[in-house]
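**Student:** Need a 3D model of the sequence below.
(one chain, ligands or ions: 1)
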Amino acid sequence: MKSLAEPEQIHPVQIRQMTAADLAQVMAIAASLPEAPHWPESAYHTALNPVATPRRIALVAIGPQKQDVQGFLVARLLLPQAELESIAVSAGSQRRGLGRLLFDALVNEVLDSDGLNSGILEIVLELRASNRTALAFYHSAGFAQNGIRRAYYADPVEDAVLMRFSVRPHRP
Ligand SMILES: CC(C)(COP(=O)(O)OP(=O)(O)OC[C@H]1O[C@@H](n2cnc3c(N)ncnc32)[C@H](O)[C@@H]1OP(=O)(O)O)[C@@H](O)C(=O)NCCC(=O)NCCS
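**Tutor:** From the prediction side, this is the model:
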């Protein structure tokens with residue numbers, strides 16, 4: 001008799017803190033995406049160290065099917081700003097809302113439990129001017145362009161676009 005395969009379980013996407021156990025998957029995602037920053041493992045360990053300064057927020061997106069890491073972000077806190085240093089979603093999971101979920105979770109992290117701002121007034125970032133996908137993503141998330149750094153990047157030489165996002169408390 002033919003045996004039926006177990007139906008694949010579908011879980012909601014979960015956003016949680018990154019741990020050292022996630023790093024192999026995080027680094028594999030970054031390595032597979034030419035536009036993502038390619039950090040050495042030591043940089044991630046620094047990001048995960050709760051007593052390192054500046055403090056960083058590192059989050060991963062899990063699931064929904066295989067319960068593995070499908071995206072991540074890292075931001076450093078330089079009050080009154082947070083700098084979004086890296087955000088990436090694996091190629092097969094892009095355009096399904098994971099990037100936005102990660103970013104929304106970052107905004108929630110920089111607000112305290114009462115929904116009031118805990119000292120971070122804006123989230124800033126810089127990216128290559130040719131990264132049209134990320135530009136569209138950041139604009140859709142509410143970022144506005146606030147400057148250009150000419151020839152900021154090397155290999156290939158390229159301008160950096162500077163962007164900022166105002167962190168608004170949930171309650172006035
Ligand atoms: C940028 C990135 C993280 C976006 O992640 P994502 O999970 O695909 O984004 P989302 O599905 O949450 O998209 C949210 C919105 O952003 C915009 N957007 C995202 N990808 C887009 C694309 N390829 N073209 C146009 N708009 C896009 C859309 O408005 C989208 O909403 P919609 O799907 O309802 O139209 C992802 O494309 C990525 O990992 N890119 C490579 C790494 C990188 O460039 N990182 C940024 C520099 S560090």
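**Student:** rest of the way, CA atoms for contacts and neighbours
**Tutor:** Fine.
**Student:** Before we move on, what's the pLDDT of Leu84?
**Tutor:** As predicted, Leu84 sits at a pLDDT of 98.
**Student:** The one 4 residues further on now?
**Tutor:** Note on Ala88: pLDDT of 98.
**Student:** Quick check: it is in a strand.
**Tutor:** Yes. Under DSSP: H, G, I helix; E, B strand; the rest coil, Ala88 sits within a strand.
**Student:** and it, how far is that from Thr53?
**Tutor:** Between Ala88 and Thr53 the distance is 23 Å, computed by CA to CA, to the nearest Å.
**Student:** Equivalent analysis for Gly99, please.
**Tutor:** From Gly99 to Thr53 the distance is 26 Å (CA to CA).
**Student:** more neighbours, the two?
**Tutor:** When Gly99 and Thr53 are compared for neighbours, Gly99 comes out ahead with 25 against 12, by other CA atoms under 10 Å.
**Student:** what comes up buried for the helix or strand the more buried one falls within?
**Tutor:** Assigned by DSSP states H and E, Gly99 belongs to helix 98-109. Neighbour counts over helix 98-109 (16 or more other CA atoms under 10 Å) mark 98-99, 101-103, 105-108 as buried.
**Student:** Look at the nearest residue to Ala82 once chain neighbours are set aside and tell me its secondary structure.
**Tutor:** Nearest non-adjacent residue to Ala82, counting by CA to CA, 6 or more residues apart in numbering: Ile123, 4.7 Å away. Look at Ile123: counting by three-state DSSP, its state is strand.
**Student:** Cool, thanks, talk later.
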